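1. Quick one: sequence plus predicted model below, questions after.
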Amino acid sequence: MSVALEQESRKTSRSKGDMSSHDAFTGPSFPLKNRIARALWNLTWLLLFRPSPTPLHGWRRFLLRCFGAKVGKGCHIYPGARIWAPWNLECGEEAGVASGANLYNQALVRLGRRTVISQGSHICTGTHDYESAGFELVAKPITIGDMAWVAADCFVCPGVTIGEGAVIGARSVVTKDMPAWQVCAGHPCRPLKPRRIRQQ
């Protein structure tokens, strides 16, 4: 790679807010401290989190908090949920994350009060700068508002905000922000109709 191209690559990666200026082909995207913490978390997930009985939500909240997660009262994080970095997770009270959901939180994932993430959904904060010769990592936070529901097998892209009360239909691909209190679905996902809550 020429010196000019390498300099341009570094300039591009810095301007896009990537997690590291390292060349992704020749070195790690995260520092050693981060990689050690993730190794310890993965061991904890395998031995203590994943095998825990389904009703023991308090135990799993405790384990997540030990690794820096901010988890509200009454959260239901099921044993088969995958969380890449607990220290990049914030959950409001009574939020739920199903077994089989994947929170790939290289940047912050914020779930509101009573937010539900269904099985098979992938909340992905990380991508790569494909216009850079270094292919650097780019990580952007995801926020999912209070009382929103991300249904089964959805993919939520880096940097997306899903509004309060929104419903994301099964197998949708969310590439941009979705408005509050709308039922949204599709590939790419788009608003379809208002979400109205029946009076009891």
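-> The structure has been received and is ready for your questions.
2. where does this protein dip in pLDDT?
-> For the chain, the stretches with pLDDT under 70 are 1-24.
3. What lies in contact with stretch 104-116?
-> For stretch 104-116, the external contacting residues (Cβ atoms under 8 Å, 6 or more residues apart in numbering) are 19, 72, 82-85, 88-98, 103, 117, 122-126, 137, 139-150, 158, 164. For every residue, glycine as well, the C-beta is placed using N, CA and C.
4. Please identify the buried residues of it?
-> Neighbour-count burial for stretch 104-116 flags 104-116 (criterion: 16 or more other Cβ atoms under 10 Å).
5. Select, from those, the two members most distant in space.
-> The span of these, defined through Cβ to Cβ, is set by Gln106 and Arg114 at 25.3 Å.
6. hey, where'd the helices end up in this protein?
-> For the chain, helices defined by DSSP state H occupy the ranges 3-15, 32-44, 57-66.
7. quick one: which of the buried residues of stretch 104-116 is nearest to Pro28?
-> Nearest to Pro28 among those: Gln106, at 12.5 Å, using Cβ to Cβ.
8. how near is that closest one to Arg35?
-> Gln106 is 12 Å from Arg35, where distance means Cβ to Cβ, to the nearest Å.
9. Excluding chain neighbours, give the residue nearest to Ala81 in space.
-> Val97 (4.5 Å; Cβ to Cβ, 6 or more residues apart in numbering).
10. tally of neighbours for that neighbour?
-> Applying other Cβ atoms under 10 Å, we find 29 residues neighbouring Val97.
11. Bridged to Phe155, which residues?
-> Here Phe155 sits in beta bridges with His122, Val173, going by DSSP bridges.
12. tell me, how many neighbours does it end up with?
-> Neighbour count of Phe155, defined by other Cβ under 10 Å: 19.
13. OK, contacts around Gly96?
-> By Cβ under 8 Å, 6+ apart, the contact set of Gly96 is Cys75, His76, Ile77, Tyr78, Arg114, Thr115, Val116, Ile117.
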